[in-house]
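J.: Sequence and predicted structure are below.
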Amino acid sequence: MKKLLSFFVFLIFFVSINQNTAFAQEPQNYLGSIDKNSVEMTLTFGDMNDKGMMNITGRYFYTNNQVGSLTITGKLDYNSGKVAMTEKNSQGKTTGFFNGTYNPNGANGVEMKGIWTSVDKKRNLKFSLLQSQ
């Protein structure tokens, strides 16, 4: 009886851990564009909390200008699919914001779409990202 109870406690614990960390494994690569400019982005999703929120960290660069990359931090509300990320340059200065949607079941795979906005809010550009394999 003790062994059976121990097994069930382990099983419940394992399922709980696996559900919250299944997403937070490896960095994920995305290809896409901001306006007409091609970008490559690598994102890592943190553990999902009990409200379905996940932290996002990563980097991206414009494929036509691989001189420098920009840092990404943000949040994903997995339940609603809303994503909000902040972009910073190599000096740590905020240079823009991504606001959009995350769709794990897009027609072509995992995708993110939305609007990139400059810090001064004078430029609003469409962005589209598709997870690459």
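T.: Yep, it's here.
J.: where does this structure dip in pLDDT?
T.: 1-25, 66-67 (pLDDT under 70).
J.: try 80
T.: Along the chain, segments meeting pLDDT under 80 span 1-25, 65-67, 133.
J.: quick one, strands of it?
T.: Remark: strands assigned in the chain by DSSP state E are 28-34, 37-45, 53-62, 65-77, 82-88, 94-106, 109-118, 124-131.
J.: Please point out which parts of stretch 95-115 sit buried.
T.: By 16 or more other CB atoms under 10 Å, the buried positions in stretch 95-115 come out as 96-98, 100, 102, 111-114. Heads up, the C-betas are built off the backbone N, CA and C, glycines and all.
J.: Which one of those residues is nearest to Tyr30?
T.: Using CB to CB, Met112 comes nearest to Tyr30 of these, at 7.0 Å.
J.: do you know how far the closest one is from Asn49?
T.: Computed as CB to CB, to the nearest Å, the Met112 to Asn49 distance reads 20 Å.
J.: cool, and Thr101?
T.: According to CB to CB, Thr101 stands 20 Å off from Asn49.
J.: Next, the buried residues of stretch 30-40.
T.: In terms of neighbour count (16+ other CB under 10 Å), stretch 30-40 has its buried residues at 30, 32-34, 39-40.
J.: which residues are in contact with that stretch?
T.: Outside stretch 30-40, the residues that touch it by CB atoms under 8 Å, 6 or more residues apart in numbering are 29, 41-43, 60-64, 112, 116, 125-132.
J.: go with 7 Å
T.: Residues outside stretch 30-40 that contact it (CB atoms under 7 Å, 6 or more residues apart in numbering): 41, 43, 60-64, 116, 125-132.
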